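> whatever this is, show me its structure:
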Amino acid sequence: MKRFLPIALLAATFAAPASAQPTQLLMPGVTYDRTVEFTLHGPVVVNVIDAPRPTGLYSLQPLLAKGAVQGREKLTSIERKLSAQTTVAAVNGGLSAATGRPEGLFLQNDVMQTQPLGSRSSLGIDPGGTLAVDRLPFLGDWRGTGPRRNLSGLNDAPGPNGTVLFTSGWAGPTPANSDAVEIVLSPFPAAQPNADLTGTVTSVLHGGNHPVAAGTAILYARGNAATRLAAEAAVGTSVTARLLLPSPFVNATSGLGGGPLLVKNGKPVFRSNESFSSSWLIPRNARTAVGQRADGSILFVVVDARPGYSSGMTNFELAQELAGLGAVTAMGLDAGPSATMAFDGALLNRPASGEKPIGNALALLYSGVVSAPVADFGSEGVNGTTLTYKLVRPSTVSAVLDGPGGAHLAIDTGSHAAGGYQFAWQGQDTQGHALPEGKWTWKVSATDDLGRQSEAERSFSYNTTLKSVTVDPSVLRRGSSVTVTADLARPAALKVTVERGNTVLRTLLKRQVVAGKTTIAWNGRLPGKLLAPVGSYVVRVTATNQIGAAELTAAVKRARR
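Below is the predicted model:
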């Protein structure tokens, strides 16, 4: 008689999608979750970063690849360049052209680099950490000796009769056009929106293909607009430009183009009527979004799309996902191969074809003290663990360990420069006396040179109960068995499971055992006496007693023959 595995078990065994994992603390107050939703279209992997309202030590900032309007760079590379200045969790930003130029608004630290696209949503971030999502027209003008004239773009390719302002953020020569007239404005202020930006004409150029020096700007015109520019902005003329952001972005200091609108007033938006084709919105795809809850907390969401791993989502499914996570407002960012999530230079999601260079990113920056996770120790002969913390500004620090029964140990104190700090601990106090086993907490408190206080905390286990786990042989062949040996230093409740992709396929043992070696055989069978498919598996051994739980794993491979 044929026997069948349950559908969920089949998915775990053959398709091997990612499994839900415990919530990870990335930095104080900021967590990362990866979940798997099983749907009629297959498993869908959803990556979520959950963070506090971006104020104080936290800020939400758009970032340009290579710091330039026309840059392309991997998200992990963008983050690594910032690691000495801040701790960063980020996702890919809005759509960008082949050159890297953002297709829509880019506003960073109250400096505008590109203009909004009126047919698609933009994201605005005010100093209080509140997000606004709306469609904004581009409103800009310039004035020399004549009346105010229309400005058609900022750091953008000009049309046949257009006038565009190029700033040093363009980071390249202006477009070459035979009918182009350019005036160089020097000095020229940073391109702050809703302000008069005034410079003096120092030279008149023709034909384009000219660099924009730092602290200057080039007003570039073609066709009839070029004739007006030449007549009204001679050398020595004072020229004023304006880049206007209307309400509700009038108070925004940072912003990013993207779209479409996904959640409004807590409800998922089915049709936003933005300039996206159905081929963009409807197919199941890798997707990225940013949202905000009513309490101001921020959500980054990246949905993977990778054959055999994750089926992706439609745009409306993404909107439902954000609303389900509690977002009251949310906006989509670039989708497809660009969909990326990373933390401090390490990729968190799994893009289908590997990480791709992007034109811009949206990042949560943190300026307080951080600590990496502390590894559990006491098993496999490991006689210590490593404690770390990172400062991004000079700070006064107190770093301590707190353990069972009120145990307390000072590890570090004093004033330190920005940088990373590391300490080895072997489970002893300063006199070399053994400290109790159990749950310990690494706590670091810091006050930086600006008077800002922050704390980082990591818990870990000090438990020598489970000394080692072996699987012999490491390759399981048809008709044979492997022996799992667990060596315990003291009695414990022992659980031995066989897993694949973090999914438990079979429990081999679950009972109380005495100290010493316990052996269990596995013949390669799953429930129902079905033979496990060829592939790699993990044997997980957990020993639990009054000290806590200790866990070790060992790999085993089921061979074809």
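
> what's the span of stretch 337-350, first residue to last?
10 Å (C-alpha to C-alpha, to the nearest Å).

> for the record, mean pLDDT for it?
Taken as a whole, stretch 337-350 has an average pLDDT of 97.

> kindly report the same for stretch 483-498.
Per-residue scores along stretch 483-498 average to 97.

> stretch 345-362: which residues count as buried?
345, 347-352, 355-362 (16 or more other C-beta atoms under 10 Å). Any C-beta I mention is one placed from the backbone N, CA and C, and that applies to glycine too.

> sorry, that was for stretch 432-443
435, 437, 439, 440, 442, 443.

> tell me the one of those nearest residue 472?
Nearest to residue 472, judged by C-beta to C-beta, of the buried residues of stretch 432-443 is residue 437 at 28.5 Å.

> isn't residue 476 up against residue 556?
Yes: counting by C-beta atoms under 8 Å, residue 556 is a contact partner of residue 476 at 5.8 Å.

> need the overlap of contacts for these two.
482, 522 (C-beta atoms under 8 Å, 6 or more residues apart in numbering).

> ok, residue 202 - contacts?
184, 185, 186, 216, 235.

> now do residue 318
Applying C-beta under 8 Å, 6+ apart, the residues near residue 318 are 262, 287, 289, 301, 303, 332.

> so which residue is dead centre in the protein?
residue 90 (3.0 Å; C-alpha atoms, centre = their mean).

> and the gap between it and residue 73?
Applying C-beta to C-beta, to the nearest Å, the value for residue 90 to residue 73 is 12 Å.

> helices along the protein, start to end?
7-10, 75-82, 223-232, 278-281, 315-324 (DSSP state H).

> run the chain-centre distance for the fourth one.
In other words, helix 278-281. 25 Å (C-alpha atoms, centre = their mean, to the nearest Å).

> how about that helix: buried residues?
In helix 278-281, counting by 16+ other C-beta under 10 Å, buried: 280, 281.

> which elements pack onto it?
helix 315-324 (3 or more C-beta pairs under 8 Å, 6 or more residues apart in numbering; DSSP states H and E).

> can you redo the helices of the chain as JSON lines with distance to residue 519 and mean pLDDT?
Listed next are the helices of the chain as JSON lines, based on distance: least, C-beta to C-beta, whole Å; pLDDT from 0 to 100:
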{"stretch": "helix 7-10", "distance to residue 519": "27", "mean pLDDT": "32"}
{"stretch": "helix 75-82", "distance to residue 519": "44", "mean pLDDT": "98"}
{"stretch": "helix 223-232", "distance to residue 519": "85", "mean pLDDT": "97"}
{"stretch": "helix 278-281", "distance to residue 519": "57", "mean pLDDT": "90"}
{"stretch": "helix 315-324", "distance to residue 519": "46", "mean pLDDT": "98"}
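
> tabulate these (a markdown table), appending distance to residue 106.
What follows is those, written out as a markdown table (distance: least, C-beta to C-beta, whole Å):
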| stretch | distance to residue 106 |
| --- | --- |
| helix 7-10 | 44 |
| helix 75-82 | 14 |
| helix 223-232 | 24 |
| helix 278-281 | 21 |
| helix 315-324 | 22 |
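
> distance of residue 321 from residue 47?
Counting by C-beta to C-beta, the gap from residue 321 to residue 47 is 11 Å.
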